[in-house]
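Engineer: Sequence and predicted model, in that order:
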Amino acid sequence: MLRARNLFVLGVLLLAAPAVAQTAPDAAALYQTHCASCHGETRLGGLGPALIPQNMGRLRGPAISKVIAGGRNATQMQGFADVLKPDEIDALTAFVSKPLDKTPVWGAAEISATRVIERKPDPAAKPVFAADPLNLFVVVEVGDHHATILDGDKLEAITRFPTRFALHGGPKFSPDGRFVYFMSRDGWVEKYDIWTLGKVGEVRAGVNARNIALSSDGRHIAVANYLPNSLVILSAEDLSVEKIIDAVDLKGKPSRVSAVYQARPRQSFVVALKDVPEIWEIGTKDASLPLRRIAIDEPLDDFFFDPAYRHVLGSARDGAAAKVFDLDTEKKAAELPLPGLPHLGSGIAFRIQGRPVMATPHLKSGLLSVIALDDWSVVKTIPTPGPGFFMRSHENTPYAWTDGMMGPTKDTMAILDKRTLDIVRKITPSPGKTAAHVEFDRTGARVLVSIWEDPGELVIYDAATFAELKRLPMRKPSGKYNVFNKINFSDGTSH
């Protein structure tokens, strides 16, 4: 009886005792212990990429936790499932998902401190391979962060090498096609010697970058940064800093830099600003790289230029219209109703019955818009299987290819006859898998399509008959860029 009473009293006391509070994991300490050595003490990157929301793309929430727990294949990112508890992984996920408390300083000193030159290219060097150096493709494989140099005649890989994490904005080529410049979302700019198949060097020009452009004379690289708000101009020869322009308007309002473009006929860079109503032009003939500001009525994004580079067509912020500005007169030349958010940066120019036109896919609707470049009227709106991102053609083919990767028809390509403005064929290379980013070889005879999956592949077609010719296994191939088409500004490729 006494024993039972004592047990009852003990039970009451235990129920009445305050619960021991569970100590939440110290995410900041966990980060410094397990992550800082690769990703930097301030999350701005090092050996590994920056761990801030702007730089992680579509990696969110559970996807971040999965990477922390399981690591990343073909990278130095190890999994921590055997080291960290689930609540610690959750805490780290929340920690790296938070924006930084303040904008990082990334000026000339910080940029210069990252610059590494591994070799000085020999001016007398010749290609170390037998392939046509102008009919090469540089294929970006984002599945394991590599690039492949592909022989465009034999359609065989010449070499494959690692790149920085998450290349972004498309590589750019020197005027002779010898060097290719890559940029990562983390702002790393890498120079690679295609002829000798070796890396020249790299430098980090920003914390979160959008794209790069190479000047028409091949001397300057412009880097568009979201973070910090800046346009950085580097020497293409040795990647040293030449100029940094803070992205602010005349009233001091800062802006992200959406993109920078080479305007070859103008010998300048043209700059799109995300948050202020200005277009910038940077002259590259003058050593001082002077800035000219063009006031517009609202910020514009995602530019397309007419072949003379006098007019720029940009998307309005609400995505309901596009506006044309004359870079010489600094006046608005036209406004076009283009609902569905046209992807103007993917637009291509060609002629129909002698009339200059451009065509662009739409990101939010299954449409192609064909626009006359002489009076900026909409010539035709063409239904496609679904909203697309990339459109490509070539001056030696009557056809243009566009994808539907932004919608449920992501596996289907539509082929436009540029002579009639009709869709004449639909091709599904791999049912259920994303098909995107067409590129032609230098003659326009063959077409390469990416199966944007990991594992994925390149599918090669005959450009005239649409017959499939070959498949090459790849690790989520995104863009592939033909040297000749890029340095000669082919009518069907992006500039």
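Structural biologist: Structure received.
Engineer: A strand includes K486, no?
Structural biologist: No: membership of K486 in a strand is not supported by DSSP: H, G, I helix; E, B strand; the rest coil, which gives helix.
Engineer: pLDDT score assigned to the nearest residue to A247 once chain neighbours are set aside?
Structural biologist: Counting by C-beta to C-beta, 6 or more residues apart in numbering, N229 is the residue found nearest to A247 once chain neighbours are left out, at 4.1 Å. Using the backbone N, CA and C atoms, a C-beta is placed for each residue, glycine as well. The confidence metric pLDDT takes the value 95 at N229.
Engineer: From here on, call the first residue 34.
Structural biologist: Okay, using 34 as the starting number, the last item reads as N262.
Engineer: and C71, helix, strand or coil?
Structural biologist: helix.
Engineer: got the contact list for the host helix or strand of L346?
Structural biologist: Taking DSSP states H and E as the criterion, L346 maps to strand 344-349. If you take C-beta atoms under 8 Å, 6 or more residues apart in numbering as the criterion, strand 344-349 is touched by 303, 305, 312, 331, 333-339, 355-360, 366, 369, 371, 374-375, 377, 380, 391, 404, 406, 409.
Engineer: List only buried entries from these.
Structural biologist: By neighbour count, with 16 or more other C-beta atoms under 10 Å, those hold 303, 305, 312, 333-339, 355-358, 360, 366, 369, 371, 374-375, 377, 380, 391, 404, 406, 409 as buried.
Engineer: From the residues you listed, which land in strands?
Structural biologist: Within the buried ones among the contacts of strand 344-349, residues falling in strands by DSSP state E are 303, 305, 312, 333-338, 355-358, 366, 369, 391, 404.
Engineer: G231 reaches K224, doesn't it?
Structural biologist: No: contact criterion C-beta atoms under 8 Å: G231 and K224 do not qualify, at 10.2 Å.
Engineer: right, and K159 touches R211 too?
Structural biologist: No: counting by C-beta under 8 Å, K159 stays clear of R211, with 9.8 Å between them.
Engineer: Settle it for me: which of these two has more neighbours?
Structural biologist: Per other C-beta atoms under 10 Å, whichever of K159 and R211 has more neighbours is R211, with 21 against 10.
Engineer: check contacts around D436.
Structural biologist: Going by C-beta under 8 Å, 6+ apart, D436 touches 394, 421-424, 443, 445-447, 468-471.
Engineer: Which two among the residues you listed are spaced furthest apart?
Structural biologist: Maximum pairwise distance among those (C-beta to C-beta): 15.1 Å, between M424 and K443.
Engineer: follow-up on the earlier one: so between G231 and K224, which is more surrounded?
Structural biologist: Comparing G231 with K224 by other C-beta under 10 Å, the one with more neighbours is K224, at 24 against 14.
Engineer: Run through who's touching the helix or strand encompassing A96.
Structural biologist: A96 belongs to helix 95-103 when assigned by DSSP H and E. Residues outside helix 95-103 that contact it (C-beta under 8 Å, 6+ apart) are 89, 92, 110, 112-114, 117, 122-123, 125-126, 129-130.
Engineer: Which ChimeraX command selects the buried ones in those residues?
Structural biologist: In ChimeraX, this line selects whichever of those come out buried by 16+ other C-beta under 10 Å:
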select :89,92,110,113,117,122,123,125,126,129
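Engineer: Kindly list the main-chain dihedrals of T147?
Structural biologist: Main-chain torsions, T147, degrees, to the nearest 10: phi -90, psi -10.
Engineer: is it true that it touches G239?
Structural biologist: No: using C-beta under 8 Å as the test, T147 is too far from G239 to be in contact (10.6 Å).
Engineer: quick one, which of those two is more surrounded?
Structural biologist: Each of T147 and G239 has its neighbours counted (other C-beta under 10 Å); G239 has more, 29 against 17.
Engineer: What separation do you get for the more buried one and F337?
Structural biologist: 24 Å (C-beta to C-beta, to the nearest Å).
Engineer: Measure how buried L396 is and give me the count.
Structural biologist: 19.
Engineer: residue ranges for the strands of the stretch 384-528 of the chain, please.
Structural biologist: Listed in chain order, the strands of the stretch 384-528 of the chain (DSSP state E, counting those that start in this stretch) span 388-394, 400-405, 411-416, 424-425, 432-435, 446-450, 455-460, 468-473, 479-484, 489-495, 501-507, 510-515.
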